[in-house]
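Peer 1: 3D, please:
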Amino acid sequence: MADNDEQIKDGPRGRSAPSDADINFRHVVFPSSDVFYKPGDEIVTNLPLQMALYFNVVFFPFWFIVMITMLYLKYDCLTSLFQFILVAAFITVTCIECLRLYLGYVGNLSEKIPELAGFWMLSFLLQLPLQLFLLANEGVRPTGVERAVQGVEVALLLAQLGTGFVALRTTAAHQAHKFHLAQFLAPGPGAFKEAAGSTPDAPRDEDPFHDVRRKPRGTENPFEDMQRNLLVSDQLFRDAERIPLASISRGSSTKTD
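Peer 2: From the prediction side, this is the model:
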């Protein structure tokens, strides 16, 4: 009987049930994904784009060292025209790459559309043609090492173009959603001010949305503000309905007198 009770306590395979400490440890180390955000505060940072940018930043110094070393070794073997073209292309690619990676990091992590759009346009209009020129043009006499590092660079660039387009479209839709939500939750200055001042109970200079709009940024509760807006609107409609009734009652009492 004692063995049966011990088996029931420890489970069918002799293992005890997880304790509260084990559950808390698992929750801290492997947090669940059921995290709820307020409307408009969702995180839309693109993880594949950020991974591609990170690998590109790590790979860029290695690419720079290989390319400048091979340029020094084969410079005398090139014609004067390709010497000038290769040096100009290498300097342009290096400058654009630094600016492009910076804009990609800032635009993706901060969810800023101008920086993200600038990153994508630099990647597609300038960096991609120059990288393909360094990879495929036989006039610059690319070596095997150059083709290898340039192929990795072009692959990262193509991955960033695809994920960057998705991130740009998602961020633009999210910003538009936040704008419409802010317009709905926070009406413009003076909204319902005249209607509130025309009621006998409310002063003329009182703004029913005063406490809603004056809250510090980041501390407002959208659902609480929505409920407050509905209550204020309902009160304004009730006050507006009372005004004609009061004037009619005063007119009828005057006639009877």
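
Peer 1: switch to C-alpha atoms for all contacts and neighbour counts from now on
Peer 2: Noted.

Peer 1: can you tell me which helix in the chain is longest?
Peer 2: Secondary structure of the chain per DSSP state H: the longest helix is helix 144-185.

Peer 1: tell me what that one is packed against?
Peer 2: Under the contact definition 3 or more C-alpha pairs under 8 Å, 6 or more residues apart in numbering; DSSP states H and E, helix 144-185 sits against helix 47-74, helix 113-121, helix 128-136, helix 222-256.

Peer 1: Remind me which helix or strand Val44 belongs to.
Peer 2: Under the criterion DSSP states H and E, no helix or strand holds Val44.

Peer 1: contacting residues for it?
Peer 2: Val44 sits next to Glu111, Ala167, Thr170, Thr171, His174 when contact means C-alpha atoms under 8 Å, 6 or more residues apart in numbering.

Peer 1: Out of those, grab the one that's most surrounded.
Peer 2: Using other C-alpha atoms under 10 Å as the neighbour criterion, Ala167 leads the contacts of Val44 with 26 neighbours.

Peer 1: My read is that it contacts Leu109, right?
Peer 2: No. In this structure, Ala167 is not within contact of Leu109 by C-alpha atoms under 8 Å, at 10.6 Å.

Peer 1: joint contacts of those two?
Peer 2: Both Ala167 and Leu109 are in contact with Thr45, where contact means C-alpha under 8 Å, 6+ apart.

Peer 1: rewinding a little: and the contacts of Val44, which is closest to Met51?
Peer 2: Nearest to Met51 out of these is Ala167 (C-alpha to C-alpha; 12.7 Å).

Peer 1: and the spatially closest residue to that closest one that is not a sequence neighbour, backbone torsions?
Peer 2: Closest residue in space to Ala167, ignoring its immediate chain neighbours: Asn46 at 5.6 Å, by C-alpha to C-alpha, 6 or more residues apart in numbering. When quoted as degrees, to the nearest 10, the phi and psi of Asn46 stand at phi -90, psi 120.
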